[in-house]
Each structure stands twice: as C-alpha cells, then as structure tokens.
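Enquirer: Starting from these lines, generate the structure:
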Amino acid sequence: MIGKEAEMGYPTWMTAATGRLSPTDLALVKWSCIAFGVLLAQRFSGVRQLDERLVGAAVVALAIKPAVSALGAR
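Expert: Okay, the predicted model is just below:
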C-alpha cells in the first residue's frame, strides 16, 4: 500500500477529495462533462459542425483545475 489514500479506503478518500472542490471546480466539472457529451454526440450522430480536436481540448482544459484541486495539489 502506498500513501495515505491506501490506508483510508476509497469512500473516505473520495469524500475528502470532493470536499476540497470549490463552486468554480464543480462548474468546470459540469462543463467538462457537457463537452464530453458533445464529443460523444459527434461520434455517434450527425452533430459534426465542431472540430473534434477543439472539443477534446475543451474537455481537457475544463477538467484540469478540478482534478488538480481534488488530488490535493496546491
């Protein structure tokens, strides 16, 4: 087992990690999920006006800050 996360178990770690998220982080997670949904829609339907690379970059860009906050980086 490595680190404190291994000792406390997944549910406890998840509660601690999400407790550090700010309202901005939660909004960014929401928009990242929406952008990912658009990316999936491009793959499986006729929604092809947006460039996939642009949407993919938006998914990553919107998800970075909340991931860093949840994982505890400062």
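
Enquirer: which residues does the residue most central in space within the chain contact?
Expert: The residue lying closest to the centre of the chain (CA atoms, centre = their mean) is residue 63, at 3.9 Å. Residues in contact with residue 63 (CB atoms under 8 Å, 6 or more residues apart in numbering) are 28-29, 32. The way it works is simple: take the backbone N, C-alpha and C, and place the C-beta from them, glycine included.

Enquirer: and which of these is nearest to residue 18?
Expert: residue 29 (9.8 Å; CB to CB).

Enquirer: And the residue nearest to the closest one when sequence neighbours are not counted, which helix or strand is it part of?
Expert: Using CB to CB, 6 or more residues apart in numbering and skipping the chain neighbours, the partner closest in space to residue 29 is residue 66 (4.9 Å). Assigned by DSSP states H and E, residue 66 belongs to helix 52-71.

Enquirer: What's the separation between residue 12 and residue 18?
Expert: 11 Å (CB to CB, to the nearest Å).

Enquirer: hmm, back to that, so what's the residue count around the residue nearest to residue 29?
Expert: 21 (other CB atoms under 10 Å).

Enquirer: So residue 50, which state does it fall into?
Expert: Here residue 50 is recorded as coil under DSSP: H, G, I helix; E, B strand; the rest coil.

Enquirer: List the residues that contact it.
Expert: So residue 50 contacts 38, 42 (CB under 8 Å, 6+ apart).

Enquirer: ok, back up a step: what's the mean pLDDT across the helix holding residue 66?
Expert: Helix 52-71 shows a mean pLDDT of 83.

Enquirer: Quick check: buried residues in it?
Expert: Neighbour-count burial for helix 52-71 flags 55, 58-59, 62-63, 65-66, 69-70 (criterion: 16 or more other CB atoms under 10 Å).
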